[in-house]
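A.B. asks: next one to model:
(one chain, ligands or ions: 3)
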Amino acid sequence: MSNFSSLSDLGWQPFFQQQLSLDEWDETIPARVVEQYKSEITVATEQGVFNIPLLATMPEMVVGDWLLLDSQQHVIRLLERKTCFSRKAAGSKLKRQLISANVDTAFIVSSMNDDFNLNRIERFLSLVNESGAEPIVLLSKSDQSEIPQSFVAQVQALDPFLMVESINCLDAVSTKKLSPWIKQGTTIAVLGSSGVGKSTLINTLLGKEQQSTAGIREDDDKGRHTTTRRSLISLGAGGMILDTPGMREIQIADCKEGIATTFADIEAYAEQCKFSDCQHQAEPGCAVQQAIVSGDLDQRRLNNYLKLLREEAFNSSSLSERRSSDKALGKYYKHTLSEAHKLKGR
Ligand SMILES: Nc1nc2c(ncn2[C@@H]2O[C@H](COP(=O)(O)OP(=O)(O)OP(=O)(O)O)[C@@H](O)[C@H]2O)c(=O)[nH]1
Ligand SMILES: [Mg+2]
Ligand SMILES: [Zn+2]
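C.D. replies: Numbering: from 1, shown residues only. Ligands and ions are numbered 1, 2, ... in the order given. The predicted structure follows:
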């Protein structure tokens, strides 16, 4: 990243500016988290890019966050997030993991080969819709497909208002299509499974090979997890773009509204069901089943909707159980501590 970017180049917007008092505006330095490591974060400011060690007293921060620093580069506070992506942490039933903050637009990339999967696209759409960012589905490797239009049609059939583009990530002429979203002051996240061309797209937009890329497996078109860390990259006056490691089966939690937005068609049918608690299986008067019979709705889409709802309910309840058990544990520690003090005092 070049050393002297304007705040606007870094994605600064009125939403963040409004959070500063006049004193803060005079005395503090806004800084954007562009990379994170175990014990430090990298931030970009108008003065340049540097690392700040993480302390236990600091709030949880994630790539994309805006911080206020004092003149010694100490973190004063974290600004409120405009949008936030999170998922259920891998390998844990109970933890939510932040993926990124303050993303305006999400490119959901899927390649037009054996790795293409509508269920996965709907999963990403739920996550992005929940976050408040605008989703754009990019169907990559248009140069390798003989039937790109049929892939586009399949995705467009999910939602007539969804933005869908087919692109060749290697070709700057093709990626020109994305220019309406590449603009100063905005932040884009590039999401999708490994090998779909996320880093390739970013390199083409940058006009240089900054991010590593690697060929995919020939037998099943899956990628090799080349990108291993999230990094927020400056496109100069074209805003900021976030490269992410491939996420295959991103586990969702706390995502009810995102699912409702993504599957608005099914939710509208469900309003017409005879029973308000209809499960849309074999109940009489089920308008959702009726839509399947009439060919207006795909069984695949309904199955995925029900699956995501079950997963969301399961993960969110484990998260809230964890929150209440954390509270109970806190009380227990306090109680034990005060008992110990009493004992000592005797
Ligand atoms: N022909 C063609 N090849 C592409 C396209 N996009 C990406 N590739 C190739 O696909 C391979 C994987 O691309 P990457 O950019 O590394 O994929 P990625 O999504 O960043 O993968 P991870 O970092 O593993 O998550 C590379 O060999 C790219 O050259 C495309 O639109 N057309
Ligand atoms: Mg990559
Ligand atoms: Zn029903």
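
A.B. asks: alpha carbons only for contacts and neighbour counts from here, please
C.D. replies: Will do.

A.B. asks: if I look at the residue nearest to Pro59 when sequence neighbours are not counted, how far off is ligand 3?
C.D. replies: Residue nearest to Pro59 in three dimensions, not counting chain neighbours: Leu78, with 7.3 Å by C-alpha to C-alpha, 6 or more residues apart in numbering. Distance from Leu78 to ligand 3, counting by C-alpha to the ion, to the nearest Å: 44 Å.

A.B. asks: burial count for Leu78?
C.D. replies: 17 (other C-alpha atoms under 10 Å).

A.B. asks: ok, now Ser131?
C.D. replies: Neighbour tally, Ser131, other C-alpha under 10 Å: 24.

A.B. asks: also Arg120?
C.D. replies: 20.

A.B. asks: rewinding a little: surely the residue nearest to Pro59 and Val62 touch.
C.D. replies: No: with contacts counted by C-alpha atoms under 8 Å, Leu78 stays clear of Val62, the gap being 10.4 Å.

A.B. asks: tell me the contacts of the residue of the stretch 201-346 of the chain found nearest ligand 2?
C.D. replies: Distances between the stretch 201-346 of the chain and ligand 2 by C-alpha to the ion are smallest at Thr227, namely 4.0 Å. Thr227 is in contact with Ser199, Gln211, Ser212, Thr213, Asp243, Thr244, Pro245, Gly246, counting by C-alpha atoms under 8 Å, 6 or more residues apart in numbering.

A.B. asks: mind redoing it with 6 Å?
C.D. replies: Thr227 is in contact with Pro245, counting by C-alpha atoms under 6 Å, 6 or more residues apart in numbering.

A.B. asks: confirm Leu67 sits in a strand?
C.D. replies: Yes: under DSSP: H, G, I helix; E, B strand; the rest coil, Leu67 falls within a strand.

A.B. asks: could you find the closest non-adjacent residue to Lys222?
C.D. replies: Ile216 (5.6 Å).

A.B. asks: likewise for Leu302?
C.D. replies: Ile266 (7.5 Å).

A.B. asks: and the one you found, how far from ligand 1?
C.D. replies: 31 Å (C-alpha to the nearest ligand atom, to the nearest Å).

A.B. asks: residues from the stretch 1-150 of the chain in reach of ligand 1?
C.D. replies: Ser140, Lys141, Ser142, Asp143, Gln144 (C-alpha under 6 Å from any ligand atom).

A.B. asks: what number of residues are in the vicinity of the third one?
C.D. replies: The local packing count at Ser142 equals 20, with neighbours defined by other C-alpha under 10 Å.

A.B. asks: same question for the second one.
C.D. replies: By other C-alpha under 10 Å, 20 other residues sit near Lys141.

A.B. asks: which ones are touching the residue in the stretch 1-150 of the chain positioned nearest to ligand 1?
C.D. replies: Using C-alpha to the nearest ligand atom, the single residue of the stretch 1-150 of the chain nearest to ligand 1 is Lys141, 3.2 Å away. Counting by C-alpha under 6 Å, 6+ apart, Lys141 makes contact with Ser111, Asn168.

A.B. asks: any regions of the stretch 51-200 of the chain where pLDDT drops low?
C.D. replies: Of all residues in the stretch 51-200 of the chain, those with pLDDT under 70 make up the ranges 91-94.

A.B. asks: which residues of it fall in helices?
C.D. replies: Counting by DSSP state H, counting those that start in this stretch, one finds helices in the stretch 51-200 of the chain at the ranges 118-131, 148-156, 172-175, 198-206.

A.B. asks: switch those helices over to a markdown table; also include distance to Glu24.
C.D. replies: Putting the helices of the stretch 51-200 of the chain into a markdown table (distance: least, C-alpha to C-alpha, whole Å) gives the following:
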| stretch | distance to Glu24 |
| --- | --- |
| helix 118-131 | 28 |
| helix 148-156 | 46 |
| helix 172-175 | 40 |
| helix 198-206 | 34 |
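
A.B. asks: excluding sequence neighbours, find me the nearest residue to Cys255.
C.D. replies: Glu130 (5.8 Å).

A.B. asks: how near is the one you found to Arg224?
C.D. replies: To Arg224, Glu130 is 28 Å away according to C-alpha to C-alpha, to the nearest Å.

A.B. asks: quick check, the residue in the stretch 101-250 of the chain closest to ligand 3?
C.D. replies: Leu158 (19.3 Å).

A.B. asks: before we move on, which element is Pro30 in?
C.D. replies: Taking DSSP states H and E as the criterion, Pro30 maps to strand 29-36.

A.B. asks: who's the residue most central in space within the chain bridged to?
C.D. replies: Central residue of the chain (C-alpha atoms, centre = their mean): Phe85, 3.9 Å from the mean position. Phe85 has these beta-bridge partners by DSSP bridges: Ser100.

A.B. asks: contact partners for it?
C.D. replies: Contacts of Phe85 (C-alpha under 6 Å, 6+ apart): Ile99, Ser100, Ser131.
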